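Student: Got a sequence here, can you model it:
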Amino acid sequence: MTAQSTAWRNWAGNVTARPARSVAPSSTEELAGIVAAAAEDGLTVKPVGTGHSFTAAAATDGVLIRPERLAGIREIDRAAGTVTVGSGTPLKQLNQALAAEGLSLTNMGDIMEQTVAGATSTGTHGTGRDSASTSAQIKALELVTADGSVLQCSDKENPEVFAAARLGLGALGVVTAVTLAVEPVFLLTAREEPMPFDRVVAEFGQHVVENEHFEFYWFPHTENCNTKRNNRSAGPAAPLGRIGGWVEDELLSNGVFQAVCSIGRAVPAAIPGIAKISSRALSARTYTDIPYKVFTSPRRVRFIEMEYALPREIAMDALREVKAMAARSNLRISFPVEVRTAPADDITLSTASGRETAYIAVHMYRGTPHQAYFTAVERIMTAHEGRPHWGKLHTRDAAYLAGVYPRFGEFTALRDRLDPERVFGNAYLRRVLGD
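Tutor: Alright, predicted model coming up:
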């Protein structure tokens, strides 16, 4: 174990904390001892991943658990179709290791810098008609609770804990290992295509039904969207060329976009004109590759984000309201609005728990005033019983969340049982779960 006390900052730079000590345990047993000792000392304990949450979910002035030594594949069970990994394993490392073994996750989000536990504990998701979030792909997990006990959790062992801890917000304990469903690696064909806003919205339901994975981006101040459809393919593989891929994903999506955002931050009045030019510059492209090379892409331009999950059937109405709000306001929005979907799942506090879901995500370049925009969007989302992404900015509290999560009380009762002294508590959890 290594221990130190240094300031911690998240990826976006909007959350900082100064823990009393920061530790990097190398085993579940060592971690259990750290938790028990912290509880005896009256210190809170929070695990932290790579800081890709925009909320203060991982912030603590107590003991910060760093995950880098709880990493790597523990076991691959080909017969069961599972992989068991240390909770601190970065998704990028996991995806590459699985591909080398001829395996893949079924679905994933659009970045892979997070740790496995960080991604699942906050509800990271991609887009999918039939396949759900990373948390929904968990088959078992190992959890260190507030008294230093180690629980093995699955639908057969501690099932009531398993139902909640797959997306536990760090409130129930520290996840030390996760068993995920995997399958033989397959090919996806991605079709990216510009499309007018009105057409995308009108055809949204059709696109969701006809494609395994559908998402789109709308560029504020324009009538332009970019759509992406990912579907399984028999091949052959036809990956993006090295030069073409670099131009699209590194130069345009990161390098040029960084410059454009910087100009927009300095001269907000230029943003609508820039948006019209940049959104019209998009062109259609099709490529076929293994899943993580299709689902994920680099995100080097730093931003802050808010995302709400809505009942799928009313999501396009809400998006139209966002568009109308932006048009009548003085807001200047340089980042596109992202729309994705997920099927209903059975996880207690999943944003898709019990309902077919569509996600609407809004972003602002880091350092750009965001309060007016996010407040206006959040007002629309909450009017439609939206559920905020646990790792992205929002202002909701336990009273609101109890009204949009039918099983909210089930989660808080389990928390009371597993952590009555709030060893894993912090200000964020007090707000969203209550005392």
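Student: what about the helices in the protein?
Tutor: Ranges of helices in the chain, per DSSP state H, are 28-40, 91-100, 116-122, 159-165, 197-210, 242-245, 257-266, 271-280, 291-295, 315-328, 371-383, 398-404, 408-418, 427-433.
Student: Buried residues, the second one. List them.
Tutor: Residues 91, 93-95, 97-98 are the ones in helix 91-100 that count as buried (16 or more other C-beta atoms under 10 Å). All C-beta atoms are positioned from the backbone trio N, CA, C, and that covers glycine.
Student: Just give me the closest of those to D416.
Tutor: Distance to D416 across those (C-beta to C-beta) is lowest for L91, with 31.6 Å.
Student: Now for the nearest residue to the closest one once chain neighbours are set aside: which residues touch it?
Tutor: Among residues not flanking L91 along the chain, M112 sits closest, at 4.0 Å (C-beta to C-beta, 6 or more residues apart in numbering). Residues in contact with M112, defined by C-beta atoms under 8 Å, 6 or more residues apart in numbering, are 90-92, 95, 292, 296.
Student: how does it look with 7 Å?
Tutor: Residues near M112 by C-beta atoms under 7 Å, 6 or more residues apart in numbering: 91-92, 95, 292, 296.
Student: pLDDT and distance to H207 added to the residues you listed, as JSON lines?
Tutor: Shown next, in JSON lines, are the contacts of M112 (pLDDT from 0 to 100; distance: C-beta to C-beta, whole Å):
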{"residue": "L91", "pLDDT": "98", "distance to H207": "26"}
{"residue": "K92", "pLDDT": "97", "distance to H207": "29"}
{"residue": "N95", "pLDDT": "98", "distance to H207": "26"}
{"residue": "Y292", "pLDDT": "97", "distance to H207": "23"}
{"residue": "T296", "pLDDT": "93", "distance to H207": "21"}
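Student: out of the buried residues of helix 91-100, who's nearest A413?
Tutor: Of these, the one sitting nearest to A413 (C-beta to C-beta) turns out to be L91, at 31.2 Å.
Student: how near is the nearest residue to V48 once chain neighbours are set aside to K46?
Tutor: Nearest non-adjacent residue to V48, counting by C-beta to C-beta, 6+ apart: A58, 4.1 Å away. A58 sits 5 Å away from K46 when distances are taken as C-beta to C-beta, to the nearest Å.
Student: list residues touching both of these two?
Tutor: With C-beta under 7 Å, 6+ apart as the test, A58 and K46 both reach G170.
Student: Let me know how buried T50 is, in neighbour terms.
Tutor: For T50, the neighbour count with other C-beta atoms under 10 Å is 18.
Student: How about E212?
Tutor: Counted with other C-beta under 10 Å, E212 comes out at 17.
Student: List the residues that contact it.
Tutor: Residues counted as contacts of E212 (C-beta under 7 Å, 6+ apart) are 128-130, 230-232.
Student: mind redoing it with 6 Å?
Tutor: Residues in contact with E212, defined by C-beta atoms under 6 Å, 6 or more residues apart in numbering, are 129, 231.
Student: and N231, what does it touch?
Tutor: 189, 211-212.
Student: Which residue is the nearest non-sequential neighbour of the spatially most central residue of the chain?
Tutor: Central residue of the chain (C-alpha atoms, centre = their mean): T124, 2.7 Å from the mean position. Spatial nearest neighbour of T124, excluding adjacent residues (C-beta to C-beta, 6+ apart): G109 at 4.8 Å.
Student: The one you found is in contact with T127, isn't it?
Tutor: No: contact criterion C-beta atoms under 6 Å: G109 and T127 do not qualify, at 8.9 Å.
Student: which of those two has more neighbours?
Tutor: Each of G109 and T127 has its neighbours counted (other C-beta under 10 Å); T127 has more, 26 against 20.
Student: Quick check: that one vs Q114, distance?
Tutor: 17 Å.
Student: just G409 next, same as before
Tutor: Distance from G409 to Q114, by C-beta to C-beta: 29 Å.
Student: Neighbour count: the two, which is higher?
Tutor: Neighbour count, other C-beta under 10 Å: between G409 and Q114, Q114 has more, with 24 against 11.
Student: Find the nearest non-adjacent residue to the more buried one, please.
Tutor: Q114's closest residue in space is H52 (C-beta to C-beta, 6+ apart), at 4.9 Å.
Student: What pLDDT is listed against A427?
Tutor: pLDDT, the model's per-residue confidence, is 97 for A427.
Student: Tell me, how many residues neighbour it?
Tutor: If we define neighbours as other C-beta under 10 Å, then A427 has 12 of them.
Student: just A79 next, same as before
Tutor: Applying other C-beta under 10 Å, I find that A79 has 5 neighbouring residues.
Student: Same question for E321.
Tutor: Neighbour tally, E321, other C-beta under 10 Å: 17.
Student: My understanding was that it contacts I380; is that so?
Tutor: Yes: judged on C-beta under 6 Å, E321 makes contact with I380 at a distance of 4.8 Å.
Student: From the recorded domain assignment, give the ranges for this protein.
Tutor: 73-184, 187-388 (automatic domain parsing).
Student: Distance to A32 for the ones you listed - can I get that in a markdown table?
Tutor: As requested, those are arranged in a markdown table below (distance: least, C-beta to C-beta, whole Å):
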| stretch | distance to A32 |
| --- | --- |
| domain 73-184 | 4 |
| domain 187-388 | 24 |
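Student: just those domains: most buried one?
Tutor: Highest mean neighbour count of these: domain 73-184, a mean of 21 (counted as mean count of other C-beta atoms under 10 Å).
Student: how about low-confidence regions in the stretch 151-300 of the chain?
Tutor: For the stretch 151-300 of the chain, residues meeting the criterion pLDDT under 70 lie at 242-257, 260, 280-281.
Student: what does the model give the residue nearest to V48 for pLDDT?
Tutor: A58 is given a pLDDT of 95.
Student: Tell me how many other residues crowd it.
Tutor: 25.
Student: All set now, cheers.
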